[in-house]
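sequence unknown, structure follows:
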């Protein structure tokens, strides 16, 4: 026993190193582990004919982060599936300098999003990909060229790891019952997008220095589909989050309607238009003025008598 103790003491440097590693792993997880971006779905088996929602998520490993950017590679997608939709339903990110968009060949998706208040989560949704599985085969979804930034006011880039997801598409089920995640999501969404503000901007390097409106909102169920902008009496136009004002010299009423994928709408208004009095409004004003004149007349007459 004495020999064993002496041997342990002779290896005290090794035990000291092990102690430091264990202490760091338990008490300083933010300084040891990198943020992880991975892909997940609620299904374990995939069959031809299914429409599946795949979520791209981030595990910040107990750190506060505020931005994620990069891409997702869709290997062998055109052979076994088709890209049906990309949405931010349930996303923990509210600002999108670069909304998730596919490449021309649908071989990859690029994005850049942020959360002004920051987030600390093991499974925060960044965005969702919806795939329609067309034929047997294998699809690999791989986070690519990822950057995660700490919410430290310095834009510090965190170390990052990624995990891909391999999808083996099996023959269609014999009972012909297919899964439709997107259809279920849309049919169950009865809630409009969140209320939102509209901001006026003007910057020499943007839109040739013209005044523009910027706006953004979120929808926790089916996700934002598009915005519709109505400026004064002009025809409605679709927008993705910014709108260059046609009337640059005077204020006009601009109505912006946010639609989610289920068709629910949320309206917000910027500016105002001159108020046109109706006959009823005019009659009420005249009646109130007559009452005021009568009251003033009675007060003066009473004063003269006293």
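Perfect, thanks for sending it. Predicted model only: the values in this text are computed from it and were never measured.

For the rest of this, base every contact and every neighbour count on C-alpha atoms.
Noted.

Which stretches in the stretch 151-300 of the chain count as helices?
Assigned by DSSP state H, counting those that start in this stretch, the helices in the stretch 151-300 of the chain fall at 181-187, 279-305.

what sits opposite the nearest residue to residue 88 once chain neighbours are set aside in the beta ladder?
The shortest distance from residue 88 to any non-neighbouring residue, by CA to CA, 6 or more residues apart in numbering, is to residue 127 (4.5 Å). With DSSP bridges applied, residue 127 shows beta-bridge pairing to residue 56.

hang on, isn't residue 127 packed against residue 58?
No. Counting by CA atoms under 8 Å, residue 127 does not reach residue 58; the two are 10.2 Å apart.

More neighbours: the two, which one.
Between residue 127 and residue 58, counted using other CA atoms under 10 Å, the more crowded position is residue 58 (25 against 22).

ok, now which ones touch the more buried one?
Contact analysis of residue 58 by CA atoms under 8 Å, 6 or more residues apart in numbering lists 35-38, 121-126.

low-confidence ranges in the stretch 1-150 of the chain?
For the stretch 1-150 of the chain, the stretches flagged by pLDDT under 70 are 1-32.

Residue 102 bridge partners, please.
residue 109.

Touching, it and residue 108? I think so.
Yes. The criterion here is CA under 8 Å, and residue 102 meets it with residue 108 at 5.7 Å.

The residue nearest to residue 107 when sequence neighbours are not counted: how many residues sit nearby?
Nearest non-adjacent residue to residue 107, counting by CA to CA, 6+ apart: residue 74, 5.0 Å away. Neighbours of residue 74 under the rule other CA under 10 Å: 19.

now swap in residue 233 and tell me
9.

give me the beta-bridge partners of residue 141?
residue 74, residue 165.

what's the burial count for it?
23.

Give me the buried positions along stretch 220-232.
Within stretch 220-232, the residues that count as buried by 16 or more other CA atoms under 10 Å are 220-232.

Show me what that stretch is in contact with.
87-91, 185-186, 189, 191, 193, 217-218, 236-241, 243, 245-246, 252-262, 273.

ok, of those residues, which come out buried?
87-91, 185-186, 189, 191, 193, 217-218, 240-241, 243, 245, 252, 254-262.

Contact partners for the residue lying closest to residue 100 once chain neighbours are set aside?
Distances taken as CA to CA, 6+ apart place residue 111 nearest to residue 100, at 4.3 Å, with adjacent residues excluded. Going by CA under 8 Å, 6+ apart, residue 111 touches 69-71, 96, 98-101.

List phi and psi for the residue lying closest to residue 172 once chain neighbours are set aside.
Take residue 172 and drop its neighbours on the chain: the residue closest to it by CA to CA, 6+ apart is residue 48, 4.5 Å away. Phi and psi for residue 48, reported as degrees, to the nearest 10, are phi -60, psi 130.

Pretty sure residue 48 sits against residue 168.
No. Between residue 48 and residue 168 there is no contact under CA under 8 Å: 10.1 Å.

Give me the helices and strands touching the strand or helix carrying residue 78, please.
According to DSSP states H and E, residue 78 maps onto helix 77-80. Contact analysis of helix 77-80 by 3 or more CA pairs under 8 Å, 6 or more residues apart in numbering; DSSP states H and E lists strand 137-150 as its packing neighbours.

Sounds good, over and out.
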